[in-house]
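Visitor: whatever this is, show me its structure:
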Amino acid sequence: MAPDPDSGRVARCRAGDAAAFRELFDLYAARVLGTARRITGSSHDAEDVLQEVFLKVHRNLGSFAGRSTFSLWIHKIAVHESVNWKRRRRAPVEAPAPGAPGDAGELLAPLSPPLRVVMSLRYVSGFSYDEIAELLEIPVGTVKSRIFEAHEKL
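Guide: I've put the predicted structure just below:
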């Protein structure tokens, strides 16, 4: 595994450096928000998920073991929080404004949540099959079959 470009910031956060945490927020907030918006289908819910994700990051940074990159770790938290939020809320899906970053969500809306999540992670967030498998804690073969199934349905 390549060195984690965020390891210095993570170490500074663990030492109590609030500026380092702000740097991590500034680096990852937009990506976390986009992931949350695509999964929840709502900009409002995505903002709530964003707050929950960074609260969890702050609380659990000490348990981040560095077996993956910080980027992968935070996206894993974002995916799980978004799915849990959607499961709890069961709110109607809000259509994004034309040209907004959430437009991919509109295209993926007809898919079931498991298919929507893998497609979003692969084609919008740019994760590899292996990274998606690690994020979702499923076999790589399952990731590939879900992507194939999603392509068939679209």
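Visitor: distance between the host helix or strand of residue 20 and the chain's centre?
Guide: In this structure, residue 20 sits in helix 18-40 according to DSSP states H and E. Put simply, helix 18-40 sits 9 Å off its chain's centre (CA atoms, centre = their mean, to the nearest Å).
Visitor: which secondary structure elements does it contact?
Guide: helix 7-14, helix 43-60, helix 70-89, helix 103-108, helix 113-119 (3 or more CB pairs under 8 Å, 6 or more residues apart in numbering; DSSP states H and E). Glycine gets a C-beta too; all of them are placed from N, C-alpha and C.
Visitor: tell me which of the ones you listed lies nearest to residue 137.
Guide: Of all the helices and strands packed on helix 18-40, helix 70-89 sits nearest to residue 137, with 8.4 Å by CB to CB.
Visitor: how about that closest one: buried residues?
Guide: 70-83, 85-86 (16 or more other CB atoms under 10 Å).
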